[in-house]
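>>> What follows is a predicted protein model with its sequence.
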Amino acid sequence: MQKFVTIFHPDLDGGQSVSEVTRVPELVKAHPEGCSRSALFTCDDQKSLAGPLTLVFAIRRARDLLLENCEYHGVDLQLEVSGRTLPQLPAARELEKLLNSPDTLVHVNGNVFKPATEVYGFQQVYDDSVRCIEALRKLGFTQETMAIYATPEEISVEVHGGAIGLEGRDNLSDLYYRLLCHVAGIKDAGGRPAKTEIKTILLQSCQRDWPLLLPGCNHPTLHRPRVGVGASHFAYGIAAFSDFCGKKRNLQECLQETFSWVKFIQAELPAIAGLKEKIEKLPQLPLPGAGRQSRATAASAPVAAHSGRFQPLKIELAESVQRLKGPVPVFHTIAAGLDKSLGGGWAQGGVHLVIGPRESGKASLLMQQALMAKADLPVLYLSYEHSLRDFALRAAASTAGLNLSDLQGHLAIAGAVGDNARNSLAAAYDKLHELLPTKLFFSGVDTGRHGLDPREIQQLAAMMPGDGEKLVLIDSLCESDFVDGPAACLKQMREIATAGRLTIIIAVHNQVICDKRPHFVEDRDIELLDRYQRHTDSIIVMHSEKVNLRRFVAMIKGQIDAQLVGSLEQKALQLAGNKRLKTDTYTLMRLIHTRNGRRDLLLFLYQPDLGRFYELAALAMTRA
């Protein structure tokens with residue numbers, strides 16, 4: 001199979017020329033200064049793609065961090081112009097203009113740099129390349145499948161296309177980008193790629209026509225060639241490595257580098273077993289640059305966060321329009337009616353509050369939410385009042401349909417009654433263990449937790465496996481647990497939710513009283529909204545009393561309608577599988593805040609001894 005590569009040089013007709021790979025040394029000999037190639041090659045049919053995956057690690061200057069069209073995790077960037085710090089970064093065109101001004105400075109995590117000053121130097125380039133080479137080796141790549149090249153400012157690792165096993169695909173660029181993101185730890189930050197630990201990698205190096213300096217050619221500004229390096233060059237450390245890369249080479253030495261590269265490209269290497277299938281299963285993350293996502297990415301990515309740039313809304317909308325047209329990503333709640341009221345479910349990446357008096361069912365709601373999670377969704381359940389034993393007992397009883405009050409009353413009794421209770425509990429634990437989601441994590445009062453610490457939540461969530469969306473459920477918080485006050489804590493929670501792709505649901509004890517007209521938004525609700533609304537995506541207020549069924553009917557009919565009451569009681573009995581308990585009650589879930597502006601009152605049958613809710617009816621709320 002012949003492979004054709006696009007060569008870029010200003011002296012070529014039109015600035016570029018397509019050449020068969022074996023003829024590349026001739027072009028380098030004719031144009032030894034600044035001759036570049038396309039990142040990928042075309043095959044005989046001019047449609048399918050081939051070539052190596054090239055990972056490029058380059059010195060990053062302050063201006064690069066601002067213009068690279070990606071996020072840098074943990075890096076705060078601000079622009080100072082003529083002694084004044086701008087509240088937002090400007091749009092790209094204005095930004096480039098400002099970066100060329102002598103009065104502009106860039107603040108990086110509080111440190112001040114001139115736009116052309118290095119932020120991540122060659123030491124970081126060296127360290128990043130070593131870490132990614134190690135990651136490649138873990139995937140099965142050997143020294144023979146990699147060719148490493150360097151200049152005084154960058155290191156590139158070319159991974160042989162044959163070893164990857166994907167050559168000939170027309171979507172090779174997207175597949176290579178998946179592997180790059182996996183190796184370099186790239187994350188999805190609200191529709192934009194985010195660098196985490198590996199800061200110097202260039203994310204564009206998988207794009208088909210991205211220009212890469214050919215081995216043996218001199219860098220146009222450094223006037224040093226791109227030369228091959230091996231394991232021995234890494235063995236002596238950064239100083240010896242830099243000295244080797246900084247040496248001048250004559251034309252013959254440079255051409256030898258080009259011939260060696262062609263030999264590497266032309267080599268026939270077997271594909272690593274199972275790697276192709278693994279790459280195909282990797283997520284397709286957003287490409288750098290708003291509006292440049294592949295079709296697959298645009299269809300699957302979450303709605304992009306605001307770019308943070310100060311630019312006209314029309315431009316901002318154009319950059320995000322494809323993702324905005326798609327559905328808002330959500331996690332389904334415990335009931336279809338609650339999903340509908342929330343606009344589909346719990347909005348992913350948001351912070352949601354469930355507020356109510358003690359014993360209103362908040363912890364049961366969160367437990368039911370945790371137990372119904374999909375097997376592949378990482379879920380972190382934190383309790384500020386319950387131990388592992390408490391949670392496991394309630395979850396086992398709920399899963400097995402056991403009356404918790406009766407069970408606890410019989411466990412300590414000797415004889416047949418006690419034996420039956422203990423055997424039932426043992427069977428319930430076995431069933432829970434069998435049905436429990438594999439990625440559900442629990443952390444309770446056994447850990448000695450005091451007060452809500454957003455940083456601890458962030459660390460625990462990061463310890464869960466997976467790079468995608470995660471769900472965090474926090475039960476039994478008191479308002480005093482918001483150490484720095486509700487506003488400050490919830491603001492931090494929203495920030496870590498966005499940064500870590502977390503959806504956070506928090507249950508808070510509050511002795512809020514259920515008014516006689518719960519379908520109206522009253523003054524007490526306005527107080528709650530003043531306190532919590534700004535940094536949350538939804539607020540649910542829960543009240544659980546047996547009288548709530550009749551209260552709900554009275555709101556619909558204007559009076560107690562015995563026939564409607566009987567109809568709802570019959571519905572509750574059917575939903576509960578004809579199993580009604582003495583402790584059964586009715587819960588009003590008052591959805592007083594959503595980002596879509598909807599406010600609803602929902603009626604549920606609540607069985608505290610089973611930890612279960614069953615939806616009965618809903619009613620729109622209005623302002624009193």
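Sure thing, it's come through.
>>> Please enumerate residues in contact with stretch 358-369?
Here stretch 358-369 makes contact (CB atoms under 8 Å, 6 or more residues apart in numbering) with 333-334, 354-356, 381, 383, 385-386, 391, 394-395, 398, 471, 473-476, 505, 507-509, 542-544, 587, 606, 608, 611-613. All C-beta atoms are positioned from the backbone trio N, CA, C, and that covers glycine.
>>> I meant to write stretch 335-342 there.
Stretch 335-342 is touched from outside by 330, 332-333, 345, 538, 589, 591, 594, 598, 600, 602, 604, 613, 615, 618, with contacts defined as CB under 8 Å, 6+ apart.
>>> Only whichever of those are buried, select them in ChimeraX.
In ChimeraX syntax, the buried subset of those is picked out as below (16 or more other CB atoms under 10 Å):
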select :330,332,333,345,538,589,591,594,600,602,604,613,615,618
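>>> Could you pull out the buried residues of whatever helix or strand Lys571 lives in?
Lys571 is part of helix 562-575, with elements assigned from DSSP states H and E. Buried positions in helix 562-575, judged by neighbour count with 16+ other CB under 10 Å: Leu564, Val565, Leu568, Ala572, Leu575.
>>> just to revisit the earlier point, buried subset of the contacts of stretch 358-369?
333-334, 354-356, 381, 383, 386, 391, 394-395, 398, 471, 473-476, 505, 507-509, 542-544, 587, 606, 608, 611-613.
>>> Doesn't His182 belong to a strand?
No. Counting by DSSP: H, G, I helix; E, B strand; the rest coil, one finds His182 to be helix, located in no strand.
>>> The contacts of stretch 358-369 in helices, which ones?
Among these, the ones falling in helices (DSSP state H) are Phe391, Arg394, Ala395, Ser398.
>>> can you confirm Asp209 is in a strand?
No. Assignment of Asp209 by three-state DSSP gives coil, placing it outside any strand.
>>> Skip ahead from the worst-scoring helix or strand of the chain on mean pLDDT and say which helix or strand is next.
The helix or strand of the chain with the poorest confidence is helix 295-300; it has a mean of 34 (mean pLDDT, DSSP states H and E). Heading C-terminal from helix 295-300, the first helix or strand you meet, by DSSP H and E, is strand 309-310.
>>> May I have the strands that pair with that following strand, each with its orientation?
strand 89-90 (parallel) (DSSP bridges).
>>> hmm, back to that, can I get the buried residues of helix 562-575 in TSV with distance to Leu202 and pLDDT?
Formatted as TSV, those follow (distance: CB to CB, whole Å; pLDDT from 0 to 100):
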residue	distance to Leu202	pLDDT
Leu564	66	93
Val565	68	93
Leu568	62	95
Ala572	60	95
Leu575	57	94
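>>> Glu144: which of the residues you listed is nearest?
Nearest to Glu144 out of these is Leu575 (CB to CB; 64.0 Å).
>>> shaky segments in the stretch 101-250 of the chain?
Within the stretch 101-250 of the chain, not a single segment meets pLDDT under 70.
>>> mind listing the strands for it?
For the stretch 101-250 of the chain, the strands defined by DSSP state E, counting those that start in this stretch cover 104-108, 111-113, 118-120, 146-151, 154-159, 187-188, 193-195, 211-213, 227-229.
>>> I'd like to know which of these is closest to Lys278.
strand 154-159 (14.2 Å).
>>> Can you list the neighbours in contact with the closest one?
For strand 154-159, contacts defined as CB under 8 Å, 6+ apart pick out 52-59, 125-126, 129, 132-133, 136, 141, 145-150, 205, 212, 226, 229, 261, 264.
>>> Report pLDDT for Leu95.
Per-residue pLDDT puts Leu95 at 90.
>>> Now do the contacts for it.
Here Leu95 is in contact with Leu66, Leu67, Leu79, Leu89, Arg309 (CB under 8 Å, 6+ apart).
>>> how close does it get to Val512?
Distance, Leu95 to Val512, using CB to CB, to the nearest Å: 48 Å.
>>> Next, count neighbours for the nearest residue to Asn403 once chain neighbours are set aside.
Computed as CB to CB, 6 or more residues apart in numbering, the closest residue to Asn403 that is not its neighbour in sequence is Asp609, at 4.9 Å. Using other CB atoms under 10 Å, Asp609 has 20 neighbouring residues.
>>> Surely Asp609 is in contact with Ser398?
No. Contact criterion CB atoms under 8 Å: Asp609 and Ser398 do not qualify, at 9.2 Å.
>>> circling back to that earlier point, quick check, nearest of the ones in helices among the contacts of stretch 358-369 to Leu404?
Arg394 (6.6 Å).
>>> residues contacting the closest one?
Ala363, Ser364, Met367, His386, Leu404, Gly611.
>>> distance of the fourth one from Arg595?
Between His386 and Arg595 the computed distance is 30 Å (CB to CB).
>>> now do the second one
Applying CB to CB, the value for Ser364 to Arg595 is 26 Å.
>>> what do you get for Arg226?
Look at Arg226 and Arg595: by CB to CB, they are 51 Å apart.
>>> Compare neighbour counts for these two and give me the winner.
Counted by other CB under 10 Å, Arg226 and Arg595 do not tie: Arg226 has more neighbours, with 26 against 13.
>>> how near is that one to Gly15?
Arg226 is 20 Å from Gly15, by CB to CB.
>>> And for Thr22?
Taking CB to CB, one finds Thr22 at 22 Å from Gly15.
>>> Settle it for me: which of these two has more neighbours?
Per other CB under 10 Å, whichever of Thr22 and Gly15 has more neighbours is Thr22, with 14 against 10.
>>> wait, that one sits on Trp261?
No. Using CB under 8 Å, Thr22 is not in contact with Trp261, being 11.3 Å away.
>>> Can you list the low-confidence ranges for the stretch 251-400 of the chain?
289-308.
>>> can you map out the strands along it?
Under DSSP E, counting those that start in this stretch, the stretch 251-400 of the chain gives strands at 309-310, 330-331, 346-347, 351-356, 379-383.
>>> since we're on Gln143, how many residues are nearby?
11.
>>> wait, what's in contact with it?
So Gln143 contacts Gly230, Ala231 (CB under 8 Å, 6+ apart).
>>> please redo it, this time with the cut-off set to 10 Å
By CB atoms under 10 Å, 6 or more residues apart in numbering, the residues touching Gln143 are Ile133, Arg137, Gly230, Ala231.
>>> from those residues, which is closest to Val483?
For the contacts of Gln143, the nearest to Val483 is Ile133 (43.7 Å; CB to CB).
>>> Now for the spatially closest residue to Asp390 that is not a sequence neighbour, how many residues are close by?
Distances taken as CB to CB, 6+ apart place Gly444 nearest to Asp390, at 7.1 Å, with adjacent residues excluded. When neighbours are defined as other CB under 10 Å, Gly444 has 20 of them.
>>> Pretty sure Gly444 sits against Leu380.
No. Checked against CB atoms under 10 Å, the pair Gly444 and Leu380 is beyond contact range at 11.7 Å.
>>> Now do Ala497 against Ser242, distance only.
Taking CB to CB, one finds Ala497 at 42 Å from Ser242.
>>> And these two? Which one has more around it.
Ranked by neighbour count (other CB under 10 Å), Ala497 and Ser242 place Ala497 first, with 25 against 14.
>>> angle of the strand or helix carrying the more buried one against strand 351-356?
Using DSSP H and E, Ala497 falls within helix 486-500. Here the directions of helix 486-500 and strand 351-356 differ by 140 degrees (axes from the mean of the first three to the mean of the last three CA atoms, to 10 degrees).
>>> State the mean pLDDT of helix 486-500.
pLDDT averaged over helix 486-500 gives 89.
>>> Can you show me the CA trace of it as PDB?
Extracted in PDB, the C-alpha atoms of helix 486-500 (Å, rounded to 0.1, in the frame of the first residue of the first chain):
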ATOM      1  CA  PRO A 486     -24.300  28.100  52.700                       C
ATOM      2  CA  ALA A 487     -23.400  30.600  49.900                       C
ATOM      3  CA  ALA A 488     -19.600  30.000  50.100                       C
ATOM      4  CA  CYS A 489     -19.900  26.200  50.500                       C
ATOM      5  CA  LEU A 490     -22.400  25.800  47.600                       C
ATOM      6  CA  LYS A 491     -20.300  28.100  45.400                       C
ATOM      7  CA  GLN A 492     -17.300  25.800  46.000                       C
ATOM      8  CA  MET A 493     -19.500  22.700  45.400                       C
ATOM      9  CA  ARG A 494     -20.700  24.100  42.100                       C
ATOM     10  CA  GLU A 495     -17.100  24.800  41.000                       C
ATOM     11  CA  ILE A 496     -15.900  21.300  41.800                       C
ATOM     12  CA  ALA A 497     -19.000  19.800  40.200                       C
ATOM     13  CA  THR A 498     -18.100  21.600  36.900                       C
ATOM     14  CA  ALA A 499     -14.400  20.800  37.100                       C
ATOM     15  CA  GLY A 500     -14.800  17.200  38.000                       C
END
